[in-house]
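Engineer: take this sequence and fold it.
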Amino acid sequence: MSLSKVQREFSKDIVTLKVHMLEKGYEFTDGDAYRDPRVHGEYGEKKSYASAHSRHKLKLANDINLFLNGKYLTETEDHRYFGAYWEALHPDNIWGGRFKDGNHYERKR
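Structural biologist: Now for the predicted structure:
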């Protein structure tokens, strides 16, 4: 499957996840989504704090800052329910809580 097709499927799942968050009474802002190669290097290249193989560089990852009742939720555990929901949307979806990055949602390619 082409990268473009995977990106479009990923984007649909991100929208589904965010709608579900809203339905559960949460709010959010986006953290890192796309990491520009001019700043972070091409995929496979380490040029900044970003991993050389960050899926943000492929437009296949989105960090979501979660809020409940106006409070910013910073713990991985705060995302556990949504992480499980995310992974249930598609077999290639990975929740960052599996590697101590709770607000990270990505699609493997």
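
Engineer: can you show me the CA trace of the lowest-mean-pLDDT helix or strand in the chain as PDB?
Structural biologist: The helix or strand of the chain with the poorest confidence is helix 37-40; it has a mean of 85 (mean pLDDT, DSSP states H and E). Output of helix 37-40 as PDB, limited to C-alpha atoms (Å, rounded to 0.1, in the frame of the first residue of the first chain):
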ATOM      1  CA  PRO A  37      12.600  17.200   7.500                       C
ATOM      2  CA  ARG A  38      14.300  20.600   7.100                       C
ATOM      3  CA  VAL A  39      14.400  20.800  10.900                       C
ATOM      4  CA  HIS A  40      14.300  17.100  12.000                       C
END
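
Engineer: give me the residues contacting that helix.
Structural biologist: Outside helix 37-40, the residues within contact range by CB atoms under 8 Å, 6 or more residues apart in numbering are 43, 45, 47, 48, 50, 54, 56, 57. Using the backbone N, CA and C atoms, a C-beta is placed for each residue, glycine as well.

Engineer: and which of those is nearest residue 19?
Structural biologist: In terms of CB to CB, no member of the contacts of helix 37-40 lies closer to residue 19 than residue 56, at 21.8 Å.

Engineer: now do the SS call for the residue lying closest to the closest one once chain neighbours are set aside.
Structural biologist: Nearest non-adjacent residue to residue 56, counting by CB to CB, 6 or more residues apart in numbering: residue 35, 4.1 Å away. Following DSSP: H, G, I helix; E, B strand; the rest coil, the label given to residue 35 is coil.
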